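Undergrad: Fold the following for me, if possible:
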Amino acid sequence: MPTHPEPPNPALIFDTLLAYQRSAALRAAIELDLFRAIGEGSTDVKSLASRCKASERGIRILCDYLAIIGLLQKENGQYRHTPTSATFLDPASPACLAAASQFLGNSTMSEPCLRLAEIVRKGTTVLPGDGSVAPENPIWVEFAHSMVPLMAPMTGPLAAISLAGLSGAVRVLDIAAGHGLFGIEVAKQNPQAQIVALDWAPVLEVAKANAKKAGVEGRYALLPGSAFEVDYGGPYDIVLLTNFLHHFDHSTCVGMLKKIRAALKPGGRVVALEFVPNDDRVSPPMAAGFSLVMLTTTPAGDAYTFRELETMYREAGFLRAEQYPIPTGPNTAVVGYLS
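TA: Next comes the predicted model:
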């Protein structure tokens, strides 16, 4: 049977122009602790308003809107969780992602979007200086605290990829460690692994606390400072470079990879975690769309294709690069090998 194109529909235009309401409604519900209240049995407007210390009119309209966009269910005047909100928005769930709203809704991340046309004209962020990658930017402390729920599911697969083919004592440098979860997971999977976490000193306090909580603090050292300036020491078997390269232009990335190569043992490897779009740069949607985040918040960052990352690795002196999609998240591990 012949297929017919969809007729023109203005709904997509209006939905997109009003999309800011969706993020505002979700952040408001998280701030009001609405999802916890529903999970604990407050399901009507009156009880929810009392529990959330809000007006009944406001709660009714907010909950109705959340039902419209699929984050709540409504039946006979009662609001219930959807499977998605129960799993990812109720604080009682171990998979709750609500804390991520603190970083993703941070003004550094959101306000540049209000000036997107200006940014597109310039080709770079309107944030002052180096934007989100300015030295000791406090948003990275917020990242370390609030993005753990999003990052945690990816730590197991990334650690397994990093350790593949290696056994016994290994030395690991975790650059831009943030919350520290990736290096900590390597230490958990290999009881002989020694981890050195590199980041700004205030951020490393978060990583240090997470290492202690995980029981690996005895094998977890701190290296405060800029990844571009500090002496890495070494040599290392593995260098972790998670959520880093996309913040910078091609030449800066190559320079960083050269510095990493010099700190590796013969046969060592660097393991980057990146949003890697296909060559068409429009799929898969989340990885490809991440380039807009880099346009608005950094001077020259981007979401790089594997072909582009492979070129960087080769220019930095790595013999080969391989990509490993992370099954528990939208990211890809890109591993550069010296042998």
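Undergrad: Might you list the low-confidence residue ranges for the protein?
TA: 1-3 (pLDDT under 70).
Undergrad: Strands of that one, residue ranges please.
TA: Using DSSP state E, the strands of the chain run over 72-75, 78-81, 171-175, 194-199, 220-224, 236-242, 264-274, 320-325, 332-337.
Undergrad: Of all these, which one comes closest to F88?
TA: The closest of those to F88 is strand 78-81. By Cβ to Cβ, the value is 10.1 Å. Yep, even glycine has a C-beta here, placed from its N, CA and C like the rest.
Undergrad: got TSV for the strands of the chain, with mean neighbour count too?
TA: Shown next, in TSV, are the strands of the chain (neighbours: other Cβ atoms under 10 Å):
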stretch	mean neighbour count
strand 72-75	16
strand 78-81	16
strand 171-175	25
strand 194-199	25
strand 220-224	18
strand 236-242	25
strand 264-274	21
strand 320-325	15
strand 332-337	21
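Undergrad: In JSON lines: these, plus distance to I30.
TA: Listed next are these as JSON lines, based on distance: least, Cβ to Cβ, whole Å:
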{"stretch": "strand 72-75", "distance to I30": "13"}
{"stretch": "strand 78-81", "distance to I30": "14"}
{"stretch": "strand 171-175", "distance to I30": "29"}
{"stretch": "strand 194-199", "distance to I30": "27"}
{"stretch": "strand 220-224", "distance to I30": "31"}
{"stretch": "strand 236-242", "distance to I30": "25"}
{"stretch": "strand 264-274", "distance to I30": "26"}
{"stretch": "strand 320-325", "distance to I30": "29"}
{"stretch": "strand 332-337", "distance to I30": "29"}
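Undergrad: nearest to T125, of these?
TA: Closest to T125 of the strands of the chain is strand 264-274 (Cβ to Cβ; 19.4 Å).
Undergrad: Report the inter-axis angle for the closest one versus strand 332-337.
TA: Angle, strand 264-274 to strand 332-337, by axes from the mean of the first three to the mean of the last three Cα atoms, to 10 degrees: 160 degrees.
Undergrad: Residues contacting strand 264-274, please?
TA: Here strand 264-274 makes contact (Cβ atoms under 8 Å, 6 or more residues apart in numbering) with 154, 158, 161-162, 171, 182, 234-246, 257, 260-261, 303-304, 309, 313, 318, 326, 331-339.
Undergrad: before we move on, back to that, and A11, which of the strands of the chain is closest to it?
TA: strand 72-75 (21.6 Å).
Undergrad: now for that closest one, which elements pack on it?
TA: Strand 72-75 sits against helix 56-68, strand 78-81, with contacts defined as 3 or more Cβ pairs under 8 Å, 6 or more residues apart in numbering; DSSP states H and E.
Undergrad: How far away from the center of its chain is it?
TA: Distance of strand 72-75 from the chain centroid (Cα atoms, centre = their mean, to the nearest Å) equals 30 Å.
Undergrad: Show me what it is in contact with.
TA: Contacts for strand 72-75 (Cβ under 8 Å, 6+ apart): I38, C63, D64, L66, A67, Y79, R80, H81, T82, S85.
Undergrad: Give me the buried entries from the residues you listed.
TA: Buried members of these, counted by 16 or more other Cβ atoms under 10 Å: I38, C63, L66, A67, Y79, H81, S85.
Undergrad: Bridged to the closest residue in space to the second one that isn't next to it in sequence, which residues?
TA: By the measure of Cβ to Cβ, 6 or more residues apart in numbering, the closest residue to C63 outside its immediate chain neighbours is Y79, 5.0 Å from it. When bridges are taken as DSSP bridges, the partners of Y79 come out as K74.
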